[in-house]
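Novice: sequence first, then the predicted structure, then my questions.
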Amino acid sequence: MKKVSIIIPVFNAEKFLERCIHSCLSQTLDEVEIILIDDCSTDSSQALMKKFALKYPEKIKILFQKENQKQGTARNAGLDIANGEYVLFVDSDDWIEKQSCEKLYYEAENTLADIVCGNYDLVYTDGRCELVDVYCNAKDELGNMTKLKREKLLRQPGYFWCKLYRKEFLNSNAGKPIRFPEKMLYEDSAFHTLATLASKKTVKIDYTFYHYFQNDCSTVHRIEAQLDKVKVADFLIQIAREKFYLEYKDIILYKAAILCGAALLYGCIPLFECQKEKSLMALSQIRKNTRILRGGEYYGDLTSDMVKNLELNYKLPRIFILKLTAKKYIQHHIPKR
């Protein structure tokens, strides 16, 4: 068994893939495997994957999806064949520091944590970097988890890509394995929510190891992709109805509400004039979701002046407008990528 499996979904990443793979190959920890899953790339990504797999057969596994099914499906395929005690997810346009696996692995082993997180930085195309101190306002909520601590963590900005996960914890979870919703973007929001709720112990190291590239060509930068947030919200709403997650219903609905608000601001409104039919379909689903979301304990925390602004500036029917969060709040919680 390997110590860490690094899972990398790949789609048309020829410009960045070598940088990503080299950073994973340079890890100081022994017994690290790299799993590359191609999601039907049309550029030279597949050729690059094969080249690296031939050169490092003991370190690299490659998979090829038969059809494009988006990152969640690719990551799940990687999880299914992962041979590591722990898994780390890295996007193909990002890269990690060479001591990443070593520091995260030994912290997990020493603390018996299910999740170990670190810091990351946002790297922009113009060379600027912006450090993100993960859970900087919730450090007291880390350690052995309770219901209250889990809910407080989920009300903080938190992302799945700067974390090491114990694979046994993801696969067991009392018979409810934690996986990504498939065939939709922003699937990581749902995975992060479910993993946070299931973790018995979450810890953090003060180490910036993940470099998150703000790629303007990323699939999730397309405005149409923002509408997938409604699909992820639907997924979370269905999860909230399950008996297994009943005690966390309110916080799950809170996360779904944030996603609906982000879809509204970044997708429905910008597309309303040029792709009215798509926007109205998404707005119709948001409207249905509103009836459910209003019942959540945390829903009142999301109210703002956004409703009036949308009615005045975009002439959208009030029935389609959720009382969610201000744009500033959504930008803080849901990156556009």
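Specialist: Great, that's in hand. In this text the structure is predicted, and so the values were computed from the model without any measurement.

Novice: what lines up beside the longest strand anywhere in the chain in the sheet?
Specialist: Longest strand in the chain by number of residues (criterion: DSSP state E): strand 201-213. Paired with strand 201-213 in the same sheet, following DSSP bridges, are strand 95-96 (antiparallel), strand 115-123 (parallel), strand 143-144 (antiparallel).

Novice: can you show me the strands along the stretch 1-150 of the chain?
Specialist: Along the stretch 1-150 of the chain, counting by DSSP state E, counting those that start in this stretch, strands occupy 2-10, 32-38, 60-64, 84-89, 95-96, 115-123, 129-132, 143-144.

Novice: what packs against the second one?
Specialist: Strand 32-38 is packed against strand 2-10, helix 17-25, helix 45-55, strand 60-64, helix 70-81, with contacts defined by 3 or more C-beta pairs under 8 Å, 6 or more residues apart in numbering; DSSP states H and E. C-beta: built from backbone N, CA, C; applies to glycine.

Novice: and the contacts of the first one?
Specialist: It refers to strand 2-10. Contacts with strand 2-10, where a contact means C-beta atoms under 8 Å, 6 or more residues apart in numbering, come from 17, 20-21, 24, 27, 29-39, 41, 45, 49, 71, 74-75, 78-79, 82-92, 101, 104-105, 164, 167.

Novice: list the buried residues in the longest strand of the chain.
Specialist: 201-205, 207-213 (16 or more other C-beta atoms under 10 Å).

Novice: about what we covered before: could I get the strands of the stretch 1-150 of the chain in a markdown table, plus columns for distance to A174, mean neighbour count and mean pLDDT?
Specialist: Output for these, formatted as a markdown table (distance: least, C-beta to C-beta, whole Å; neighbours: other C-beta atoms under 10 Å; pLDDT from 0 to 100):
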| stretch | distance to A174 | mean neighbour count | mean pLDDT |
| --- | --- | --- | --- |
| strand 2-10 | 23 | 25 | 98 |
| strand 32-38 | 26 | 25 | 98 |
| strand 60-64 | 28 | 18 | 98 |
| strand 84-89 | 19 | 23 | 98 |
| strand 95-96 | 31 | 23 | 98 |
| strand 115-123 | 16 | 21 | 95 |
| strand 129-132 | 32 | 12 | 92 |
| strand 143-144 | 17 | 14 | 96 |
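
Novice: can you list the ones you listed in CSV and add distance to D228?
Specialist: Output for these, formatted as CSV (distance: least, C-beta to C-beta, whole Å):
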stretch, distance to D228
strand 2-10, 15
strand 32-38, 19
strand 60-64, 23
strand 84-89, 18
strand 95-96, 25
strand 115-123, 21
strand 129-132, 23
strand 143-144, 34
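
Novice: show the average pLDDT along whichever helix or strand comes after the longest strand of the chain.
Specialist: Scanning forward in sequence from strand 201-213 by DSSP states H and E, the next helix or strand is helix 228-241. Computed over helix 228-241, the mean pLDDT rounds to 90.

Novice: what's helix 228-241 packed up against?
Specialist: Partner elements for helix 228-241 (3+ C-beta pairs under 8 Å, 6+ apart): helix 187-198, helix 249-263, helix 276-293.

Novice: now these as JSON lines including mean pLDDT, distance to D133 and mean neighbour count?
Specialist: Output for those, formatted as JSON lines (pLDDT from 0 to 100; distance: least, C-beta to C-beta, whole Å; neighbours: other C-beta atoms under 10 Å):
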{"stretch": "helix 187-198", "mean pLDDT": "93", "distance to D133": "17", "mean neighbour count": "23"}
{"stretch": "helix 249-263", "mean pLDDT": "84", "distance to D133": "20", "mean neighbour count": "25"}
{"stretch": "helix 276-293", "mean pLDDT": "72", "distance to D133": "30", "mean neighbour count": "18"}
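
Novice: need these in a markdown table with distance to D126, can you?
Specialist: Below are the helices and strands packed on helix 228-241 laid out as a markdown table (distance: least, C-beta to C-beta, whole Å):
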| stretch | distance to D126 |
| --- | --- |
| helix 187-198 | 25 |
| helix 249-263 | 25 |
| helix 276-293 | 31 |
